[in-house]
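Student: I would like the atomic coordinates for the input below:
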Amino acid sequence: MRSTLFELFGQPLPAYFTLLVLGFGLAIGLAQRQARRFGLDHDTAIDLGLYALVWGVVGSRLLHVVADGYFWDYVHLCTDPSQVAWQVTQARCAQIEGVWDAAANVCRPAERDCFAWAAFWRGGLAYYGGLLAAGAFGLWFLRKERFPIGKGIDLVGLVIPIGLFFGRLGCFLGGCCFGTTVDAGAFGAVRFPGWSPASESHWKRGLLDAPHLESLPVHATQLYESAGCLLIAALAVVMQRHKRFDGQIMLFFLAAYAVLRFVLEWLRDDDRGAVLGLTTSQLIGVAMLGVVAWAWPKLRAAAAARAARPASATPSP
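Tutor: Numbers count the residues shown, from 1 in each chain. Just a heads-up that it's a prediction; the model follows:
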């Protein structure tokens, strides 16, 4: 774990957010290059990528606030900080400038903070929220710019897994999104240092004597997902060369990532929302698979009908 990647002008840059932005930057560059290659407006591809970054952060932060189990903490931070209980040691409470509640043996915020919910740079981003927000805006933007929507979303589907690859590397360095405990000699087992999200979680559950101790061995779910996204990206590149209809690459990505994420959610052990025994991401993934199952045959049939239509029957632009 390395929460700070490096310093810029004397200011530490968080590893997670730095790699997230790096991944987005690379994805935007690849989308621009592919747009130019296919004879599309590459400037629109760049604009779409930049807007997607903004809306992706907004959407992922909002889903975290609403669905990851911290909603009332954010509310109470603004309305009544005395109702917020941080389960940390007394020494740690002093370090984060909190107020120690000896009666309850917990740390309380020292003052109100009505904007804590918006502090995305502190961590706490739920990917699917970003996908939904950026996707909704992206469809509107492509239509507004009169950019071929099917080709546009395929460009996005081609590069998103590259961005996710870097983003999950950032998660690993930041220590978030950690996995369930596993035998030390098992494949993929890693330990995170003291005061990491994993060690704090293990201490709260009585698995460690103190949060400053190294965590128990856990699944490196961040690296599993990073590798899975790299594989999805490679398969998407191959599919791009043989695709049968516009929108196929995006649908493939949505389905492949939904399956990957659904499986990995069983191995994750960080705090996440859950309904009916499934996490928020699993429920959204199931919905995504339903959308893919509905849209794939319709788009394929529409493309086949256009290909079979005589040239003379095709209306002139």
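Student: contact partners of the helix or strand hosting residue 234?
Tutor: Using DSSP states H and E, residue 234 falls within helix 221-240. Around helix 221-240, the neighbours that count as contacts under CB atoms under 8 Å, 6 or more residues apart in numbering are 154, 157-159, 161-162, 164-165, 168-169, 171-172, 176-179, 188, 248-249, 252-253, 256-257, 260-261, 264, 267-268. All C-beta spots, glycine's among them, are computed from the backbone N, C-alpha and C.
Student: now, of those residues, which are buried?
Tutor: Buried members of those, counted by 16 or more other CB atoms under 10 Å: 154, 157-159, 161-162, 164-165, 168-169, 171-172, 176-179, 248-249, 252-253, 256-257, 260-261, 264, 267-268.
Student: give me the subset of these lying in strands.
Tutor: Per DSSP state E, strands hold no members of the buried ones among the contacts of helix 221-240.
Student: these in helices, which ones?
Tutor: 154, 157-159, 161-162, 164-165, 168-169, 171-172, 248-249, 252-253, 256-257, 260-261, 264 (DSSP state H).
Student: could you list the domains of this structure?
Tutor: 4-68+125-179+220-303, 69-123 (automatic domain parsing).
Student: now do the helices in this structure.
Tutor: Counting by DSSP H, the chain has helices at residues 15-37, 42-67, 71-79, 90-95, 127-144, 149-174, 197-204, 221-240, 248-265, 280-308.
Student: the first one packs against which elements?
Tutor: If I follow you right, that is helix 15-37. If contacts are counted by 3 or more CB pairs under 8 Å, 6 or more residues apart in numbering; DSSP states H and E, helix 15-37 sits against strand 4-8, helix 42-67, helix 149-174.
Student: low-confidence ranges in this protein?
Tutor: Low-confidence segments of the chain (pLDDT under 70): 1-12, 311-317.
Student: could you find the closest non-adjacent residue to the residue nearest the centre of it?
Tutor: Nearest to the mean C-alpha position of the chain, counting by CA atoms, centre = their mean, stands residue 127 at 2.5 Å. Nearest residue to residue 127 in three dimensions, chain neighbours excluded: residue 60, at 6.0 Å (CB to CB, 6 or more residues apart in numbering).
Student: any idea how far that neighbour is from residue 280?
Tutor: 12 Å (CB to CB, to the nearest Å).
Student: can you check residue 204 too?
Tutor: 21 Å.
Student: what about these two, which has more around it?
Tutor: Taking neighbours as other CB atoms under 10 Å, residue 204 and residue 280 compare with residue 280 leading, 21 against 12.
Student: list the contacts for the more buried one?
Tutor: Applying CB under 8 Å, 6+ apart, we find residue 280 in contact with 63, 67, 68, 126, 128, 272, 273, 274.
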